[in-house]
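Chemist: Have a look; sequence and predicted model below, questions after that.
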Amino acid sequence: HAHLLGIEGLKPWEIGFLLSEAEHWVELSRSAHKRDERLASLTQINAFFENSTRTLLSFEIAGKRLGADVVNMSVQSSSMKKGETLLDTALTLNAMHPDVIVIRHDASGAVALIASKVDCPVLNAGDGRHEHPTQALLDALTIRRRKGRIEGLKVAICGDILHSRVARSNFHLLAALGAEVRAVAPPTLMPAGIERFGVTAFTDMDAGLEGADVIMMLRLQRERMAGAYLPSEREYFHFYGLTAKRLATAGDNVLVMHPGPMNRGVEIESQVADDIARSAITEQVEMGVAVRMACLDVLTRARRGVADWEARV
Ligand code: CP
């Protein structure tokens with residue numbers, strides 16, 4: 001089956017194809033009739049083993065707008081609480097003949113493991129610190145619509161890069177589409193060997209933001225920092241918070257992005273988050289539905305008997 005486990009390994013034309021498909025779903029989602037029946041009679045299971053607002057809700061809305069029967073597995077009330085393993089849970093879901101499974105898990109690689117055990121396409125909705133491919137796709141769609149292109153843009157990704165699957169997926173995608181990517185983080189939150197992603201590392205925020213066309217802010221992922229050095233929020237905001245003053249060093253038409261959830265006053269000043277001219281944060285959420293519709297449609301084409309997307313080139 002064609003799965004979407006990460007951006008790594010996708011070819012630029014595959015990324016471009018998913019983004020073009022998503023454009024169509026932006027239009028449908030803005031219309032009064034938000035419905036297309038192409039996934040009618042298909043069953044979509046969303047299995048989120050980690051909290052989510054945006055990703056879970058947008059995958060549910062995306063499936064429903066395409067006519068699928070969407071079921072959300074509630075992990076809190078599932079039998080995993082009684083000791084059932086992840087693999088047994090996967091086999092249980094598989095026995096119900098789903099046509100697509102969307103999974104979020106706190107362990108890197110868990111989604112790929114489940115994908116290897118089931119008989120339908122699996123979409124990664126975020127696994128540990130590994131990848132969050134639909135987030136990178138929705139970010140790219142937002143940038144492309146606002147800036148008209150991705151190639152050649154200077155994109156600064158700032159904050160807790162060490163723990164961020166969003167940063168990793170964006171590094172792969174932006175490199176594939178030819179952006180100039182900077183990683184801005186304190187030394188303690190900068191992964192070793194980050195140059196292998198083709199990005200330039202900055203530990204000084206002002207230097208990293210200079211001339212940037214796009215700034216993506218990341219949340220401090222305290223839940224993944226067991227025992228590690230954790231800066232005080234005040235100290236962190238002082239050195240790495242995106243303030244209106246700091247934004248002045250970036251390009252005149254800089255686009256401010258954040259995948260959410262935001263911690264106002266920690267990594268981003270409220271005034272910047274709410275600046276409707278420069279902030280694309282709510283637009284990112286809107287693009288999330290469209291991108292997920294595109295991914296659900298494209299990945300289920302083979303089982304619907306529609307020409308596989310790879311047949312298009
Ligand atoms: N951006 C993102 O993944 O948000 P959620 O954790 O709310 O899904």
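Modeler: Everything's here; your move. Numbering: from 1, shown residues only.
Chemist: Which single residue in the stretch 201-313 of the chain comes nearest to the ligand?
Modeler: Pro259 (3.8 Å; C-beta to the nearest ligand atom). Backbone N, C-alpha and C define where each C-beta goes, glycine included.
Chemist: what's the closest non-adjacent residue to that residue?
Modeler: Of all residues not flanking Pro259 in the chain, Val166 sits nearest, at 4.8 Å (C-beta to C-beta, 6 or more residues apart in numbering).
Chemist: hmm, the host helix or strand of that neighbour touching the ligand?
Modeler: Assigned by DSSP states H and E, Val166 belongs to helix 165-176. No: applying C-beta under 6 Å from any ligand atom, one finds helix 165-176 out of contact with the ligand, separated by at least 6.7 Å.
Chemist: Close to the ligand: what parts of this protein are there?
Modeler: Going by C-beta under 6 Å from any ligand atom, the residues of the chain near the ligand are Ser52, Thr53, Arg54, Thr55, Gly126, Gln135, Pro259, Gly260, Pro261.
Chemist: Name only those of these that count as buried.
Modeler: Among those, those classed as buried by 16 or more other C-beta atoms under 10 Å are Ser52, Arg54, Thr55, Gly126, Gln135, Pro259, Gly260.
Chemist: can you list the weak-confidence ranges in this structure?
Modeler: 226-230, 308-313 (pLDDT under 70).
Chemist: coming back round to it: arrange the residues of the chain next to the ligand in TSV, one row each, with secondary structure as further columns.
Modeler: Shown next, in TSV, are these (DSSP: H, G, I helix; E, B strand; the rest coil):
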residue	secondary structure
Ser52	coil
Thr53	coil
Arg54	helix
Thr55	helix
Gly126	strand
Gln135	helix
Pro259	coil
Gly260	coil
Pro261	coil
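Chemist: In CSV: the residues you listed, plus distance to Leu153.
Modeler: Listed next are the residues of the chain next to the ligand as CSV, based on distance: C-beta to C-beta, whole Å:
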residue, distance to Leu153
Ser52, 28
Thr53, 28
Arg54, 24
Thr55, 25
Gly126, 25
Gln135, 18
Pro259, 18
Gly260, 21
Pro261, 25
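Chemist: If you count contacts, what does the stretch of helix or strand Thr142 belongs to end up packed against?
Modeler: Per DSSP H and E, Thr142 falls inside helix 133-147. Helices and strands touching helix 133-147, as assessed by 3 or more C-beta pairs under 8 Å, 6 or more residues apart in numbering; DSSP states H and E, comprise helix 12-30, helix 54-65, strand 122-127, helix 165-176, strand 214-217, strand 255-257, helix 281-299.
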